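>>> No sequence on hand, only this structure:
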C-alpha cells in the first residue's frame, strides 16, 4: 500500500466543487460556459486566417507518447495491391476491376491527442456531479466523452507559453508552476486570461519526446506541469475556465511533489469542478506563430470522436488566428 495520504485529505473535505451548478443530470461541466456568445467572442480574435491543427501524428516512427501502461496505435493494412497478386489472398472481385486499400487500427482512446471524459477519474466512489462510480462499470453510462463530442468545444483560446516564459525549449521533468506563474507569463506576453476561456499551456515537453529516445523520456517519468493547491483550484473555479489544454500526457505534474499523490488535479479540477481536460496537444508551431506577432488569443475549436460510453477520445483541435 502507498504511504501517500488519501485524495480527500489532500484536496480537503470541503474541496471546491461545481456539483449541481448545471443541474443533477449534467455531463458537460465547465463546457456549459461555452454558449453562442462565447463562440462569437472567439471569432472576434481571428485576424489573419491562419489555421493550426493540434493533433500529434498517430503511428509516428518514433512511437506515440502515451501514459505508462498504454501502447501506441497498432495499424495494419487489411487490403492493398498485394491482395490482388497471385496467391495474395481472398481479395474481392468488383465489376470494372476496382482495387482499394483498407486498414485496421487498435488504439487506446487516450493514446493520442485526446479529450478526457468527465467520468474518467474519481475518488471516494463518486465521479463528476456526484454520480456513483458504479456507472463506470463496463462503460461510462454517465459523464462519458460522448456529450463533450456532441456539444463540441468552441470559444476564445489563449496560449500561455511557460517554456518560453522561463527561457527554455522545454520544462524539465517534474518542473512545476501554478496559477500565479500563469498570470505572470500572460502579463509578459501581453495577454489576459479571461472568464470562459479555453486555456492552453505549453511546456515544450511534447517536443522533447520527438527529440530524445523513449528510454530517456520515460526514465524516472514525471512530467512538468501545474501543481495542486487550494488557491489554484479556487482560481480555476473563480475564473470559470472552460477547458484546460496542454502539451503533456496528463495536464499536471505526474506526482505531486509535496504529497506524492498521483494526479490530484485530475480529481480537483475534473471530478470536482467539471473542468474538461485535453492532453497530448501539439502547441510548438502555434506558439512560434504567436511569439512572432505577439498575438496569443484566437478561435479554438475541437470535437473528440463520438465514442459511446467512452472514457476519452482522440481529437484534432483547430486554431484559427
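Now that the structure is in, tell me what you want to look at. Since we're looking at a predicted model, the values are computed, not measured. Residues are numbered from 1 along each chain as shown.

>>> Kindly report the domain assignment for this structure.
Domain ranges of the chain: 22-65+110-320, 74-106, per automatic domain parsing.

>>> mind giving me JSON lines with the ones you listed and columns for distance to residue 15 and mean neighbour count?
Every residue, glycine included, has its C-beta placed from N, CA and C. As requested, the domains of the chain are arranged in JSON lines below (distance: least, CB to CB, whole Å; neighbours: other CB atoms under 10 Å):
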{"stretch": "domain 22-65+110-320", "distance to residue 15": "5", "mean neighbour count": "19"}
{"stretch": "domain 74-106", "distance to residue 15": "38", "mean neighbour count": "10"}
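
>>> tell me, which of the ones you listed is the model least confident about?
Ranked by mean pLDDT, these end with domain 74-106 in last place, scoring a mean of 92.

>>> Of all the domains of the chain, which one is nearest residue 4?
Residue 4 sits nearest to domain 22-65+110-320 of all the domains of the chain, at 4.4 Å, using CB to CB.

>>> Ends of the closest one, what's the gap?
Between the start and the finish of domain 22-65+110-320 there is a gap of 30 Å, counting by CA to CA, to the nearest Å.

>>> Same check on stretch 6-23?
Distance across stretch 6-23, first residue to last, is 28 Å (CA to CA).

>>> swap in stretch 85-100?
With CA to CA applied, stretch 85-100 spans 13 Å between its terminal residues.

>>> What of stretch 265-278?
End-to-end distance of stretch 265-278 (CA to CA): 13 Å.

>>> same thing with stretch 66-73?
According to CA to CA, stretch 66-73 extends 10 Å from its N-terminal end residue to its C-terminal end residue.

>>> what do you get for stretch 150-164?
Start and end residues of stretch 150-164 are separated by 35 Å (CA to CA).

>>> With stretch 211-226 instead?
Distance between the two ends of stretch 211-226: 23 Å, counting by CA to CA.

>>> Show residues contacting that stretch.
Residues external to stretch 211-226 that are found in contact with it (CB atoms under 8 Å, 6 or more residues apart in numbering): 62-63, 65, 68, 170-179, 201, 203, 205, 208-209, 232, 246, 248-255, 265.

>>> In strands, which of those appear?
With strands defined by DSSP state E, the entries of these inside them are 176-177, 201, 246.

>>> which ones among the contacts of stretch 211-226 are found in helices?
Of the positions in these, 179, 205, 208-209, 232, 265 sit in helices, assigned by DSSP state H.

>>> Make CSV from these and add distance to residue 140 to it.
Converted to CSV, the ones in helices among the contacts of stretch 211-226 look like this (distance: CB to CB, whole Å):
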residue, distance to residue 140
179, 29
205, 28
208, 32
209, 28
232, 27
265, 20
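
>>> Name the nearest of those residues relative to residue 23.
Nearest to residue 23 out of the ones in helices among the contacts of stretch 211-226 is residue 265 (CB to CB; 24.7 Å).
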